[in-house]
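Undergrad: Here is my input, please return the structure:
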Amino acid sequence: MFNKTSKPVRPQSDASRAPAKANTPPPLDLSSVNMKTSGAPAPAPTPAAPSVARGAPSLLAAHLRIEGNINGTADLQVDGNVRGNVKVAHLIVGEAGNVEGDVEAETIEVRGRVVGAITGKSIKLYSSAYVEGDITHETLSIDIGAFFQGRCLQSRPAQAAPAPVAQVAANSYTSGEASGMSSYDLSSLSDLK
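TA: Next up is the predicted model:
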């Protein structure tokens, strides 16, 4: 493990620690380069791929107050106060969070307080949640201890329309005797009492 006979390693001087500089050309300015060549078609530019990875959500800290609507396609965590409507991709209302307005997102997690309508595909109310308002959802989960006052309105994902039911021709029931159905006189049925 340890060798008593080996000499301690001495730190190198700053000059010997500096990495050797490679002969690298200066960065290329792509705005001045012409990629088209005569005779060959230019390759189609590839659009920048949207960021698929979900990073950390934007955070509205506990001591902040927003008065107005919040709209966007990003994720948001609200630990402060919002008085207005919130429409984002994914919303987390933290335990200290308070939203007074309508909320709409793909997925919503409520640990704090929401007063207003909530609309989303997947909604989860944790045990510390306080919600007053209607919830429109595909899936809803409510932990024991959560307060919820309002209506639950389940929406279904878009499905193909069912096949139409074959309709019976209207003329088959025009004559009760022709179709084998008997007709009754309702006034005579009242005499059977």
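
Undergrad: Confidence-wise, which helix or strand of the protein is lowest on average?
TA: helix 14-17 (a mean of 50; mean pLDDT, DSSP states H and E).

Undergrad: give me phi/psi at residue 74?
TA: Main-chain torsions, residue 74, degrees, to the nearest 10: phi -100, psi -180.

Undergrad: And for residue 150?
TA: Torsion angles, degrees, to the nearest 10, at residue 150: phi 160, psi -160.

Undergrad: Surely it touches residue 137?
TA: No - counting by C-beta atoms under 8 Å, residue 150 sits too far from residue 137 to count as a contact (11.6 Å). C-beta: built from backbone N, CA, C; applies to glycine.

Undergrad: Please identify which of these two sits among more neighbours.
TA: residue 137 (18 against 14; other C-beta atoms under 10 Å).

Undergrad: any idea what the closest residue to the more buried one other than its chain neighbours is structurally, helix, strand or coil?
TA: Excluding the flanking residues, the one nearest residue 137 by C-beta to C-beta, 6 or more residues apart in numbering is residue 123, at 4.7 Å. The three-state label given to residue 123 by DSSP: H, G, I helix; E, B strand; the rest coil is strand.

Undergrad: mind listing what residue 123 touches?
TA: Taking C-beta atoms under 8 Å, 6 or more residues apart in numbering, we find residue 123 in contact with 107-108, 110, 135, 137, 139-141.

Undergrad: and with 7 Å instead?
TA: Counting by C-beta atoms under 7 Å, 6 or more residues apart in numbering, residue 123 touches 108, 135, 137, 140.

Undergrad: Skipping its backbone neighbours, what lies nearest residue 57 in space?
TA: Going by C-beta to C-beta, 6+ apart, residue 57 has residue 75 as its nearest residue, at 3.5 Å.

Undergrad: I'd guessed the one you found sits against residue 90; true?
TA: Yes - at 4.1 Å, residue 75 counts as touching residue 90 under the criterion of C-beta atoms under 7 Å.

Undergrad: what residues are shared contacts of those two?
TA: residue 57.

Undergrad: Low-confidence bits of the chain, can you list those?
TA: Applying pLDDT under 70 to the chain picks out residues 1-55, 158-193.

Undergrad: same thing but 90
TA: 1-60, 62, 155-193 (pLDDT under 90).

Undergrad: can you give me the helices in it?
TA: Secondary structure of the chain (DSSP state H): helices located at 14-17, 186-189.

Undergrad: Give me the phi and psi for residue 97.
TA: Taking degrees, to the nearest 10 as the convention, residue 97 sits at phi -80, psi 150.

Undergrad: Count the residues that sit near the closest residue in space to residue 78 that isn't next to it in sequence.
TA: Setting aside the residues directly before and after it, residue 78 is nearest to residue 97 in space (C-beta to C-beta, 6+ apart), at 4.1 Å. Other residues near residue 97 come to 21 when the count uses other C-beta under 10 Å.

Undergrad: again with residue 155
TA: So residue 155, with other C-beta under 10 Å, has 11 neighbours.

Undergrad: So it sits against residue 135, correct?
TA: No - counting by C-beta under 7 Å, residue 155 sits too far from residue 135 to count as a contact (10.4 Å).
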